[in-house]
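> Fold the following for me, if possible:
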Amino acid sequence: MPRLNPVTQDTASADTAKLLSTVEKKMGTVPNLIATMANSHSVANAYLGFSQALAGGLLSSQLREQISLVVGEANGCDYCVAAHTALGKRAGLSEQETCDARRGVARDNKESAGLEFARKIVTERGVVSDADFQQVRNAGYDDGEIAEIVANVALNVFTNYFNHVAETEVDFPAAPELTAA
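Numbers count the residues shown, from 1 in each chain. Prediction:
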């Protein structure tokens, strides 16, 4: 049972109802994460703005979803792993690629290095080593892409922690169980 209840367009303030309507038009639904964040218009607006800004960045939608998956897995966020498995498939990832991303593995060495760096950011709480940094740099990431990996990790840590605190009800199909690789 959720600790924070989702907001509906009927119970939301006018500004928040408009925000929820925009999400519904874009996604076809209002995910429970956003509806729950909408308890604070500022929180929902900040999340959507950050997410939209990163969507216009240097990293592909597939890599952003892979980062979401590796971060969600590292933080044990069932909501985010389920959501980004579904969103990753919409972005063109296969189910196997979504499972691989949760393990920090991708189809090429550059993507794998980016995912491993993202996981290190989470597990080391941002205090990555020079060797970790050099590994992602050697894989071919430039300063802007590295900055966006950090930003995508931060966005996902926010949603992971929000879901842990709120106990957001998962409204996406469950992600497949990971088997030994």
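> gap between the closest residue to residue 45 other than its chain neighbours and residue 101?
Here the nearest residue to residue 45 in space, its sequence neighbours aside, is residue 19; by Cβ to Cβ, 6 or more residues apart in numbering that works out to 6.3 Å. (Each C-beta comes from the backbone N, C-alpha and C, glycine too.) To residue 101, residue 19 is 29 Å away according to Cβ to Cβ, to the nearest Å.
> These two: which is more packed in?
The neighbour count for residue 19 versus residue 101, taken as other Cβ atoms under 10 Å, is higher for residue 101 (31 against 22).
> ok, the more buried one to residue 29 distance?
23 Å.
> The lengthiest helix in the chain - what's its average pLDDT?
Longest helix in the chain, counting residues (DSSP state H): helix 143-166. Averaged over helix 143-166, pLDDT sits at 98.
> same question, stretch 10-27
Mean predicted confidence for stretch 10-27 is 95.
> go on, stretch 50-61?
The pLDDT scores in stretch 50-61 average 98.
> Return the distance of that stretch from the chain's centre.
11 Å (Cα atoms, centre = their mean, to the nearest Å).
> What residues sit buried inside it?
Buried residues in stretch 50-61, counted by 16 or more other Cβ atoms under 10 Å: 50-51, 54, 59.
> Which stretches in the chain count as helices?
With DSSP H as the criterion, the chain has helices spanning 14-27, 32-37, 41-55, 61-74, 78-90, 95-102, 109-123, 130-138, 143-166.
> Which one, of these, ends up nearest to residue 4?
helix 143-166 (4.1 Å; Cβ to Cβ).
> which residues are in contact with the closest one?
2-4, 33, 36-37, 43, 47, 50-51, 54, 57-59, 64, 67-68, 71-72, 75, 77, 79-80, 114, 117-118, 121-122, 126, 133, 136-137, 141, 168 (Cβ atoms under 8 Å, 6 or more residues apart in numbering).
> Apart from its neighbours in sequence, what residue is nearest the residue nearest the centre of the chain?
By Cα atoms, centre = their mean, the chain has its centre lying nearest to residue 68, at 3.4 Å. What sits nearest to residue 68 in space, not counting adjacent residues and going by Cβ to Cβ, 6+ apart, is residue 84, at 4.0 Å.
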